[in-house]
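Visitor: Need coordinates for the following:
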Amino acid sequence: MNIPVVDLSDDRSFANGFPHDTFTWLRAHDPVHWHEPTAVTPDGEGFWVVSRYQDVNTIIMDPKTYSSDKAGGRAGGGTAIKDEISAGKVLNQTDDPHHRRLRELVNKGFTVKAVAALEHELRLRAKRLIADVELGETFNFAQRIAREIPTQAICILLGVTQEDRFELCDWIDRGIAATSVHVIAPAYLRKLHRYAERLIDEKRAHPTDDIFSAIVHAQFAVDGSTLSDFELRSFFALLFPAGAETTTRAISGGMLAFLEHPQQWQRLRSDPTLIKTTVEEIVRWVTPSLYKRRTATRDVQLNGKTIHTGDKVTVWEMSANRDDRVFERPFDFDITRTPNKHLGFGAGVHFCLGAALARLELTIVFEALLGRGLEFELVAKPVWLPNNRLFGLATLPVKVARID
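Guide: Presented below is the predicted three-dimensional model:
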């Protein structure tokens, strides 16, 4: 039997898009698959690859058995294949009770009200952005349209000047594209940390009404403690890429889906009230954060396989979101899909902090495109970022074919 398995620890395996053939086979024949180490696998050890929706959800919802921190005597851990020494210190690499403390402090700034307050400003900016588009011109949609609103939004929330956003985004792009065993290459992550240091000092001395100021000064209700400088730097270095890059990839990936399924764009044009289900289908279809890693805290059976204490376990949300046991016609892009219980934002205690913001940004951008009556044509082959975690398009070359 020809098994279409590729090296999932190698970013180059994702240079031509997500390896759906591999995961279709895994879901059918080996849903809890042991991935042997290769020459490029971080730490030189194998890991489990979990591909079915139910198994992925089981792991995400059981943090006592599957830790985001360290387990099994490991010196490192975290949520990427490589062991990170930051595990246990960063929001997405902690378990309760420490995770609860960090989340509570961050939530004091990252409120639904704070996100909702952005809507009017972001709609104005999106309208201006789309108004500059001219009939017949060609450009990189991923750069010119998809990037702008998510990046501007996260800058407003974090109190970053709009002028700095270009440099920050350049660091992230270079860090994602660089050859590295890390999700973002350390040299560029250090640049983000140094920028965060200066920003933290500024917010401590001169707080404003942005979310990051609120988080810098937030106090834990139980003991009055605040986030340390390390925790604040780590939160900034987590949230800026997560807030800017994943939604950027969702917008550009959503547009590519419409270009490949033009009848769905016409359907949305004829009935703009479908925007809510459209946004959910885009998130399911694109799933910009492809996988998460957990570490087993004990020996456990999963779908007939024995996972041992300390084993690395990767859960692939993109694969779960194509599981035909849960989604009817999972490889059809259907903006009317309901129910749509995708895992694009994760689940459980680590459910995406910025889900409401991402949904708002997707809604605003696609409503702005609809409002101008824009239609695009693909003029060249899209180029994918070679990264097995923060996945998406580097270029989406389009031509403006119609403006109503």
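
Visitor: What segments of the stretch 51-200 of the chain are helices?
Guide: For the stretch 51-200 of the chain, the helices defined by DSSP state H, counting those that start in this stretch cover 53-60, 98-107, 112-116, 119-131, 141-144, 148-158, 165-177, 186-205.

Visitor: now the stretch 251-400 of the chain
Guide: Read by DSSP H, counting those that start in this stretch, the stretch 251-400 of the chain holds these helices, from start to end of the chain: 262-270, 275-286, 317-320, 355-371.

Visitor: Let me have those in TSV, extended by mean pLDDT and mean neighbour count.
Guide: (Glycine included, C-beta is placed from N, CA and C.) As requested, the helices of the stretch 251-400 of the chain are exported to TSV (pLDDT from 0 to 100; neighbours: other C-beta atoms under 10 Å):
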stretch	mean pLDDT	mean neighbour count
helix 262-270	97	15
helix 275-286	98	22
helix 317-320	98	26
helix 355-371	95	21
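
Visitor: could these go into TSV alongside distance to residue 326?
Guide: Converted to TSV, the helices of the stretch 251-400 of the chain look like this (distance: least, C-beta to C-beta, whole Å):
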stretch	distance to residue 326
helix 262-270	21
helix 275-286	10
helix 317-320	8
helix 355-371	19
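
Visitor: For residue 8, which of the ones you listed is the nearest?
Guide: Evaluated with C-beta to C-beta, these place helix 317-320 nearest to residue 8, the distance being 10.4 Å.

Visitor: residues in contact with that closest one?
Guide: Contact with helix 317-320 is made by 18, 23, 26-27, 51-53, 56-57, 287, 289-292, 326, 343-344, 346, 391, as judged by C-beta atoms under 8 Å, 6 or more residues apart in numbering.

Visitor: what about this structure, any weak spots by pLDDT?
Guide: Counting by pLDDT under 70, the chain contains low-confidence ranges at 1-4.

Visitor: Of all the helices of the stretch 251-400 of the chain, which one is nearest residue 204?
Guide: Put simply, out of the helices of the stretch 251-400 of the chain the one that sits nearest residue 204 is helix 355-371, at 24.4 Å, with distance taken as C-beta to C-beta.

Visitor: what's in contact with that closest one?
Guide: If you take C-beta under 8 Å, 6+ apart as the criterion, helix 355-371 is touched by 112, 115-116, 118-119, 122-123, 126-127, 129-130, 145-146, 149-150, 153, 157, 243, 246-247, 250-251, 254, 268-269, 272, 275-276, 278-279, 282-283, 345, 352.

Visitor: From these, list the buried ones, please.
Guide: In terms of neighbour count (16 or more other C-beta atoms under 10 Å), the buried residues within the contacts of helix 355-371 are 115, 118, 122-123, 126, 129-130, 145-146, 149-150, 153, 157, 243, 246-247, 250-251, 254, 268, 275, 278-279, 282-283, 345, 352.

Visitor: sorry, back to before: residue 214: which of the helices of the stretch 51-200 of the chain is closest?
Guide: Relative to residue 214, the nearest member of these by C-beta to C-beta is helix 112-116, separated by 7.8 Å.

Visitor: Distance from the chain centre to the closest one, please.
Guide: Chain-centre distance of helix 112-116: 20 Å, with C-alpha atoms, centre = their mean, to the nearest Å.

Visitor: what residues does that helix touch?
Guide: For helix 112-116, the surrounding residues in contact (C-beta under 8 Å, 6+ apart) are 157, 211, 214, 356, 357, 360.

Visitor: And the furthest pair within those residues?
Guide: Pairwise distances across the contacts of helix 112-116 (C-beta to C-beta) peak at 18.7 Å, for the pair 214 and 360.

Visitor: about what we covered before: in TSV, list the contacts of helix 112-116 along with distance to residue 69.
Guide: As requested, those are arranged in TSV below (distance: C-beta to C-beta, whole Å):
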residue	distance to residue 69
157	27
211	25
214	26
356	26
357	26
360	31
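
Visitor: All set now, cheers.
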